[in-house]
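K.L.:
predicted model and sequence below, questions to follow.
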Amino acid sequence: MSTTRLDPGLRFAFGTLTVLPVKVERWDRDAARGGMLCAPVVGLVVGAGAAAVGLTLLYLGAGTLLAAVGSVAVPALLTRGLHLDGIADTADGLGSGKPAEDALRIMKQSDIGPFGVITLLFVLLAQVAALAQVFDDSWARGALAAVVSAVAARLALTLAARTGVPAARPEGLGAAVAGVVPVRSAAVVTAVAALAAAAAGTLFGADDAVRTALALLAALALAELLLRRCVRRFGGVTGDVFGGLAETAATASLVVLTFAA
């Protein structure tokens, strides 16, 4: 098989959404479409890494709080903190009260304003607290929660890259992937992910199957609300908005899963 010929989407997904040494050989719309459709696969890999770190710390005798911190750190490290930076910049842009052009300029600045700092603080606290609670209930459920949250985060990107969602700027990653995913394809990927989440939840019983699928769907619903707000406010999506959507979905899914703990 020719990896270059058959897997440009996977290369695009891993090369743009992680720091893993995967070379992106094509930047055309077809590769971007494949990449955004493969984004949940990236989430599966990132989530598995997060779960492995958490479980390793627990096995070595660490408490659930430290295990949760370790798990939350993995996605941040594997993305160089780009998604966390994205949600901070998005919060600054939304909270600025400035016209769209000025808000986008604020988001491009290298510093983080008060809205971004506060949002980042609460997002990380919520992720750690929620995952610690689930780990405390069950190591296995905590590992599953880490995977589900990472998949939800990347699935939110697939939906945000669907046809009809414009780019706020003519350049950047947001412009490269905006509108590349057909709505039907995004719906199919979402359905497959929800069914897979439910199937994983059945390992712990019927109630967990429902809760796990609902956690994924609730996370996507909240990310969709943020997406619509950003499109109205900024005129479209940017790379920062994509990062904000990912962290919003990850946090929401973890919070919902605490209700099962």
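P.N.:
On my side now, so go ahead.

K.L.:
beyond the helix or strand hosting Val192, next helix or strand please.
P.N.:
In the assignment (DSSP states H and E), Val192 maps to helix 183-201. Next along the chain after helix 183-201, taking DSSP H and E as the criterion, comes helix 206-234.

K.L.:
angle of that next one against helix 183-201?
P.N.:
Between helix 206-234 and helix 183-201, the angle formed by their directions is 150 degrees, by axes from the mean of the first three to the mean of the last three Cα atoms, to 10 degrees.

K.L.:
can you pull the buried residues of helix 206-234?
P.N.:
Along helix 206-234, these residues count as buried under the neighbour rule (16 or more other Cβ atoms under 10 Å): 208-209, 211-220, 222-224, 226-227, 230-231, 233-234. C-beta: built from backbone N, CA, C; applies to glycine.

K.L.:
swap in stretch 140-153?
P.N.:
141-153.

K.L.:
tell me the one of these nearest Leu37?
P.N.:
Nearest to Leu37, judged by Cβ to Cβ, of the buried residues of stretch 140-153 is Val151 at 13.4 Å.

K.L.:
what about that closest one, distance to Gly61?
P.N.:
29 Å (Cβ to Cβ, to the nearest Å).

K.L.:
contacting residues for the residue positioned nearest the centre of the chain?
P.N.:
Nearest to the geometric centre of the chain sits Ala153, at 2.0 Å (Cα atoms, centre = their mean). Going by Cβ atoms under 8 Å, 6 or more residues apart in numbering, Ala153 touches 43, 75, 83, 219, 245-247, 249-250, 253.

K.L.:
whatever helix or strand it lives in vs helix 206-234, what angle?
P.N.:
If you go by DSSP H and E, Ala153 is part of helix 139-160. Angle between the axes of helix 139-160 and helix 206-234 is 30 degrees (criterion: the same axes, to 10 degrees).

K.L.:
how about the CA coordinates for helix 139-160, as CSV?
P.N.:
Extracted C-alpha coordinates of helix 139-160, given in CSV (Å, rounded to 0.1, in the frame of the first residue of the first chain):
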residue,chain,number,x,y,z
TRP,A,139,-10.1,3.3,37.2
ALA,A,140,-11.6,1.8,34.1
ARG,A,141,-14.4,4.4,33.9
GLY,A,142,-11.8,7.1,34.3
ALA,A,143,-9.7,5.7,31.4
LEU,A,144,-12.9,5.5,29.2
ALA,A,145,-13.7,9.1,30.2
ALA,A,146,-10.3,10.3,29.1
VAL,A,147,-10.7,8.6,25.7
VAL,A,148,-14.3,9.8,25.2
SER,A,149,-13.4,13.4,26.0
ALA,A,150,-10.5,13.4,23.5
VAL,A,151,-12.7,11.9,20.8
ALA,A,152,-15.5,14.5,21.5
ALA,A,153,-12.9,17.3,21.3
ARG,A,154,-11.8,16.2,17.8
LEU,A,155,-15.3,15.3,16.6
ALA,A,156,-16.3,18.9,17.4
LEU,A,157,-13.7,19.9,14.8
THR,A,158,-15.2,17.6,12.2
LEU,A,159,-18.6,19.2,12.7
ALA,A,160,-17.2,22.8,12.7
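
K.L.:
what sits up against the following helix or strand past that helix?
P.N.:
Downstream of helix 139-160, the next assigned helix or strand under DSSP H and E is helix 173-177. Contacts of helix 173-177 with the rest of the structure, by Cβ under 8 Å, 6+ apart, involve 16, 27, 32, 35-36, 157, 161, 167-169, 236-242.

K.L.:
what do you get if the cut-off is 6 Å, keeping everything else the same?
P.N.:
Contact with helix 173-177 is made by 32, 36, 161, 167, 169, 237-239, as judged by Cβ atoms under 6 Å, 6 or more residues apart in numbering.

K.L.:
what about Arg184, neighbour count?
P.N.:
Using other Cβ atoms under 10 Å, Arg184 has 10 neighbouring residues.

K.L.:
repeat that for Lys23.
P.N.:
Neighbours around Lys23, by other Cβ under 10 Å: 8.
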